[in-house]
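Asker: all I have is the shape, not the residue letters:
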């Protein structure tokens with residue numbers, strides 16, 4: 001999971017991209033990078049850490065130009081400690097291409113071999129983004145016809161790229177001195193949305209970003225989500241061209257975006273994240289009514305912030321008092337996207353504090369958006385008991401996460417998933433809860449899709465069904481072996 005943004009404007013874009021990345025910080029905390037272009041020169045700054053800490057005044061002054069892109073990274077492939085694996089990635093030929101990417105490629109072994117043996121291209125890192133920018137560069141090189149680059153050449157290159165690359169990828173590329181290219185994988189697993197605003201009396205500014213809130217904050221008009229398999233090319237003069245580059249495209253967006261990853265004030269693929277989370281609470285409340293002991297719940301409490309909408313609906317539908325028992329320290333990052341179990345465990349107590357007056361002597365129903373590794377959930381149950389709770393019923397607005405997620409979320413190994421190979425009572429014991437209730441997969445799917453023309457969601461971490469063909473048991477074993485080595 002990462003956050004990406006690209007802008008073509010009539011004025012310098014450095015500050016605009018910085019502001020956009022601040023709005024996307026929830027999508028990645030490991031590192032960040034910005035690249036801009038003035039004419040044929042590319043200016044780039046990359047650093048570890050969060051946006052507000054990474055850029056100095058001198059950095060921002062160096063980011064010249066009216067085209068640019070930016071990235072916030074949450075490491076799912078490669079090493080978070082290596083600054084050279086921060087995005088954007090740059091290749092010199094052809095044209096000078098700088099690329100940012102959200103997602104995970106699933107045929108990296110085959111691509112690495114092809115790039116070395118056939119394309120004669122060299123890789124310096126383990127990042128699949130470096131793979132992607134080199135595949136794009138090779139396919140653009142094959143389309144070179146004279147000195148100019150026209151949209152048809154760009155789209156032909158993306159068509160071939162789709163044939164070679166498998167997995168989840170929403171990407172934005174800056175082609176030095178020429179324009180901005182954005183494209184989305186043929187399943188549309190990771191989000192990407194297009195916006196525009198008038199340039200005074202003449203012309204148009206364009207933006208592409210991971211979430212709609214970035215467009216709204218910058219006073220851009222939302223044009224649409226990029227379709228799965230689609231590519232959009234915007235010249236430095238503000239002309240926009242688009243083409244469907246995959247004949248077999250179908251939209252199957254990641255369900256975890258709606259459950260946890262996206263900000264609630266975003267709209268993705270025409271679906272309001274906030275309203276989807278309210279509906280998740282509606283479905284969950286019916287399951288709780290069927291399975292929770294009657295009269296055994298005094299209060300409903302959310303784990304702030306992403307589970308709040310679901311918890312409010314649970315309390316409303318069950319007629320139980322809603323209370324805020326956990327106080328959140330907003331200066332600690334999201335624990336789910338922190339590298340390492342020990343760091344996650346320590347950060348839970350830094351991030352949340354249980355207020356004894358809300359817990360003492362009560363039977364508490366806690367609502368969380370999801371349970372992945374169980375680290376956070378276990379600590380929360382312990383905190384509730386230490387604060388004086390009589391009984392703790394723990395509920396999840398998402399189904400049990402039983403399988404690795406290989407499309408851009410850091411759940412690569414089954415052994416770290418608390419629900420893998422365990423029945424629900426066993427998971428409850430592992431978490432220390434008196435009762436544990438999960439959302440059903442069908443209820444989650446219907447809650448997210450309700451009122452939408454979409455018919456499918458990517459739910460592999462809940463069901464084990466992967467939409468791309470390269471995810472085999474052998475591949476999953478290879479991913480786990482490399483993650484644990």
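Answerer: Sure, I can see it. Remember, predicted model here, so these are calculated numbers, not experimental data. Residues are numbered from 1 along each chain as shown.
Asker: okay, domains of this structure per the record?
Answerer: The chain breaks down by automatic domain parsing into domains covering 2-251, 269-484.
Asker: could the ones you listed go into a markdown table alongside distance to residue 263, mean neighbour count and mean pLDDT?
Answerer: The C-beta positions use only the backbone N, C-alpha and C, and glycine is treated the same way. Converted to a markdown table, these look like this (distance: least, C-beta to C-beta, whole Å; neighbours: other C-beta atoms under 10 Å; pLDDT from 0 to 100):
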| stretch | distance to residue 263 | mean neighbour count | mean pLDDT |
| --- | --- | --- | --- |
| domain 2-251 | 6 | 20 | 92 |
| domain 269-484 | 7 | 19 | 89 |
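Asker: and of the ones you listed, who's closest to residue 262?
Answerer: When the domains of the chain are compared by C-beta to C-beta, domain 269-484 sits nearest residue 262, at 4.7 Å.
Asker: with distance to residue 257 added, can I get the domains of the chain in a markdown table?
Answerer: Converted to a markdown table, the domains of the chain look like this (distance: least, C-beta to C-beta, whole Å):
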| stretch | distance to residue 257 |
| --- | --- |
| domain 2-251 | 6 |
| domain 269-484 | 7 |
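Asker: what's the closest of the ones you listed to residue 259?
Answerer: Going by C-beta to C-beta, the one of the domains of the chain nearest residue 259 is domain 269-484, 4.6 Å.
Asker: which residue ranges of the stretch 251-400 of the chain form helices?
Answerer: Taking DSSP state H, counting those that start in this stretch as the test, the helices found in the stretch 251-400 of the chain are 255-256, 273-291, 308-318, 341-351, 356-359, 375-386.
Asker: the stretch 101-250 of the chain: strands as residue ranges?
Answerer: Counting by DSSP state E, counting those that start in this stretch, one finds strands in the stretch 101-250 of the chain at the ranges 167-175, 179-184, 193-198, 204-209, 221-225, 230-235, 240-244.
Asker: and the second one with strand 240-244, angle?
Answerer: This means strand 179-184. 30 degrees (axes from the mean of the first three to the mean of the last three C-alpha atoms, to 10 degrees).
Asker: what's in contact with strand 179-184?
Answerer: 6-8, 67, 69, 149, 154, 158, 161, 169-175, 190, 192, 194, 206, 208, 226-236, 245 (C-beta atoms under 8 Å, 6 or more residues apart in numbering).
Asker: how near is residue 260 to residue 305?
Answerer: Residue 260 sits at a distance of 11 Å from residue 305 (criterion: C-beta to C-beta, to the nearest Å).
Asker: equivalent analysis for residue 143, please.
Answerer: Distance of residue 143 to residue 305, given as C-beta to C-beta: 46 Å.
Asker: is residue 197 bridged to anything, and to what?
Answerer: On the basis of DSSP bridges, residue 197 is bridged to residue 205.
Asker: got a list of what it touches?
Answerer: By C-beta under 8 Å, 6+ apart, the neighbours of residue 197 are 204, 205, 207, 218, 219, 220, 221.
Asker: packing partners of the helix or strand hosting residue 447?
Answerer: Using DSSP states H and E, residue 447 sits in helix 441-449. Contacts defined by 3 or more C-beta pairs under 8 Å, 6 or more residues apart in numbering; DSSP states H and E place helix 441-449 against helix 255-256, helix 273-291, helix 460-463.
Asker: on the three-state scheme, residue 69 is what?
Answerer: Classification of residue 69 using DSSP: H, G, I helix; E, B strand; the rest coil returns strand.
Asker: pretty sure it contacts residue 101?
Answerer: No - using C-beta atoms under 8 Å, residue 69 makes no contact with residue 101, being 10.5 Å away.
Asker: doesn't residue 33 fall inside a strand?
Answerer: Yes - Residue 33 forms part of a strand when assessed by three-state DSSP.
Asker: so who does the spatially closest residue to residue 455 that is not a sequence neighbour touch?
Answerer: Of all residues not flanking residue 455 in the chain, residue 449 sits nearest, at 7.1 Å (C-beta to C-beta, 6 or more residues apart in numbering). With contacts defined as C-beta under 8 Å, 6+ apart, residue 449 is in contact with 271, 455, 457.
Asker: these into a markdown table, with extra columns for distance to residue 252?
Answerer: Shown next, in a markdown table, are the contacts of residue 449 (distance: C-beta to C-beta, whole Å):
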| residue | distance to residue 252 |
| --- | --- |
| 271 | 13 |
| 455 | 9 |
| 457 | 6 |
